[in-house]
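[1] next input, structure requested:
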Amino acid sequence: MKNYNSERAGLLDEVRGFAILCMVAYHIMFTLREIYGIHNWLTELTAQSWFDIIWAIFAGTFIFISGIVCRYSSNNLKRGAGCFFLGMLVTYITAIVANPNLVIMFGILHLLGISMLLFGLGQKLFDAVPSLVGLIISIFMFSVTTNVREGTIGIGGAVLELPRILYNARLLFPLGFRSERFASGDYFPLLPWFFLFMAGAYFGVYVKNGNCPNFFYTTRIRILATVGRHTIWIYLLHMPIAILIMDLIFGGFLFGR
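    Numbering: from 1, shown residues only. Have a look, this model is predicted:
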């Protein structure tokens, strides 16, 4: 796990750029529907229950690649602290301007910030595990903890119901134990998403060492790659800008009807 190749993986920048653009589009459709009352085939499409699967794929791809990228950082503690701070800034702003049910209590920035911090703090321990073994364990744990928010843990026929006291504690929502009264406009708890981040971190060893096929390291769509290198700021700024534009068009949120 030493002597990492410093070459960027252009394909990952492109995929991450595409994923963040899809997330931006989803947020805009959600805002049009829930805040401005715009109902058409496109906004209603994103409200369908099956679309949650597509949304999870985009978000999961973004989280997995963020885990890979942590292998390129020389200071994940600093990056994690900065990312978490931005997440808390989003919480503060949404608490001021948004409906209480839309306040972002623990969104993707919170998740990535804590994940980077945990990885930075435990990197020596994580690196003691062979990369392939760590990758397999991380994927398995992601699968096992996928339904923690719904009150169960396990996979296939081996499923256990978790104690309700965990969910009634209220303060354990960052882990995925949300109470019935808990609401968050964007919710990515550590269980199961931290394990997907770690799967990316273990896969990132192969990427950073140059062990992946050549197409991983080639940039073909430069605009997507550029977007993929600035995803944090795009995620942070896209909603304030989108709401300003939508309010100028539709009115009601900032400037009145």
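[2] list the helices and strands the helix or strand hosting residue 135 packs on?
    Element membership of residue 135, judged by DSSP states H and E, is helix 131-144. Applying 3 or more C-beta pairs under 8 Å, 6 or more residues apart in numbering; DSSP states H and E, one finds that helix 131-144 contacts strand 152-155, helix 190-208. (Each C-beta comes from the backbone N, C-alpha and C, glycine too.)
[3] right, and those - which one's nearest residue 102?
    The closest of the helices and strands packed on helix 131-144 to residue 102 is helix 190-208. By C-beta to C-beta, the value is 20.2 Å.
[4] angle of the closest one against helix 131-144?
    Orientation check (axes from the mean of the first three to the mean of the last three C-alpha atoms, to 10 degrees): helix 190-208 against helix 131-144 gives 150 degrees.
[5] what comes into contact with the helix or strand following helix 190-208?
    Using DSSP H and E, the helix or strand that directly follows helix 190-208 along the chain is helix 222-228. Applying C-beta atoms under 8 Å, 6 or more residues apart in numbering, the set of residues contacting helix 222-228 from outside is 10, 12-18, 20-21, 219, 234.
[6] chain center to helix 222-228: distance?
    Here the centre of helix 222-228 is set off from its chain's centre by 18 Å, with C-alpha atoms, centre = their mean, to the nearest Å.
[7] how about stretch 49-57?
    With C-alpha atoms, centre = their mean, you get 14 Å for stretch 49-57.
[8] let me know the average pLDDT across that stretch.
    Averaged across stretch 49-57, pLDDT comes to 86.
[9] and what of stretch 227-246?
    87.
[10] which other helices and strands contact the longest helix anywhere in the chain?
    Looking across the chain with DSSP state H, the single longest helix is helix 10-34. Helix 10-34 sits against helix 41-45, helix 51-69, helix 222-228, helix 231-250, with contacts defined as 3+ C-beta pairs under 8 Å, 6+ apart.
[11] can you give the distance of the second one from its chain's centre?
    Read it as helix 51-69. Taking the mean of its C-alpha atoms, helix 51-69 sits 6 Å from the chain's own mean (C-alpha atoms, centre = their mean).
[12] that one versus helix 231-250: what angle between them?
    With the same axes, to 10 degrees as the basis, helix 51-69 and helix 231-250 are set at 140 degrees to each other.
[13] report pLDDT for residue 253.
    Note on residue 253: pLDDT of 56.
[14] thinking again about what came up before, buried only: go through the contacts of helix 222-228 for me.
    Among the contacts of helix 222-228, those classed as buried by neighbour count (16 or more other C-beta atoms under 10 Å) are 10, 12-18, 20-21, 234.
[15] as JSON lines, those residues with distance to residue 132 would be great.
    As requested, the buried ones among the contacts of helix 222-228 are arranged in JSON lines below (distance: C-beta to C-beta, whole Å):
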{"residue": "10", "distance to residue 132": "24"}
{"residue": "12", "distance to residue 132": "19"}
{"residue": "13", "distance to residue 132": "25"}
{"residue": "14", "distance to residue 132": "26"}
{"residue": "15", "distance to residue 132": "22"}
{"residue": "16", "distance to residue 132": "23"}
{"residue": "17", "distance to residue 132": "28"}
{"residue": "18", "distance to residue 132": "27"}
{"residue": "20", "distance to residue 132": "29"}
{"residue": "21", "distance to residue 132": "32"}
{"residue": "234", "distance to residue 132": "33"}
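[16] wait, which of the residues you listed is closest to residue 240?
    Once C-beta to C-beta is applied, the member of the buried ones among the contacts of helix 222-228 that ends up nearest residue 240 is residue 234, at 11.7 Å.
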